[in-house]
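Q: Whatever this is, show me its structure:
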Amino acid sequence: FCPRGFDAFEFLPSIGASGGVVTIWKSHLFQGHLAFSNEFGLSVEFSSNHNAMNWVLTNIYAPCTLDGKVLFMNWLKNIQMPDDVHWLLVGDFNLMHSLDNRNRPGGDIHEVFLFNEAISALGLVELPLLGRQFTWSNMQNPPLLERLDWFFTSNVWTTSFPATSVSTLCMETSDHVPCLIKIDTS
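A: Now for the predicted structure:
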């Protein structure tokens, strides 16, 4: 399922054919423990075995129904993360930041506003996506393409690791493009 050496994990099971989140790491590099989980995602607090630096990774899988999205955004904007925490917030938010996050007209401007309000309330910094404009396809011909996967950090993370980047990888089996987060510590 994952490359050799990845031997520790936390997960939320899928419900039916959708959902499910897994965070996997190498225990010789990081100590990790579950800090929080609910139906929208999980947070793992990590401590580096190299330099004892602590950080939190929140891995999201948001609902795709209107009612579910409203519940998710109300939960999201009310997260109480201290300002001094190195925090990565990543995943499938099932929401767009802008109507330009689709390859054809459409989308719900109200959802866009609610999502942007939550991002602003948390003071998040968006990591730019390199390689592709869209991260999801409906796999039809012609395809509907949307950017539904997002990568955010806290301000303190951006100050400590300003060269953090996100690159898209080859899409092979999923309707989502896999992405690689690189954290430059030099």
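
Q: which residues touch the most centrally placed residue in the chain?
A: For the chain, V90 is the residue whose C-alpha lies nearest the centre (C-alpha atoms, centre = their mean; 1.5 Å). Applying C-beta atoms under 8 Å, 6 or more residues apart in numbering, we find V90 in contact with L57, T58, N59, I60, D149, W150, F151, F152, I181. C-beta here means a position set from N, CA and C on the backbone, and glycine is covered the same way.

Q: My read is that the first one contacts G91, right?
A: The reference is to L57. No. Contact criterion C-beta atoms under 8 Å: L57 and G91 do not qualify, at 9.9 Å.

Q: which stretches of this protein form helices?
A: Remark: helices assigned in the chain by DSSP state H are 66-77, 109-122, 155-160.

Q: Quick one: distance of the shortest one to the chain centre.
A: When distances are taken as C-alpha atoms, centre = their mean, to the nearest Å, helix 155-160 is centred 17 Å away from the chain's centroid.

Q: list the buried ones in it?
A: V156, W157, T158 (16 or more other C-beta atoms under 10 Å).

Q: Let me know the outermost residue of this structure.
A: N141 (27.5 Å).

Q: got the contact list for it?
A: N141 neighbours (C-beta under 8 Å, 6+ apart): none.

Q: how much space between E45 and S120?
A: 25 Å (C-beta to C-beta, to the nearest Å).
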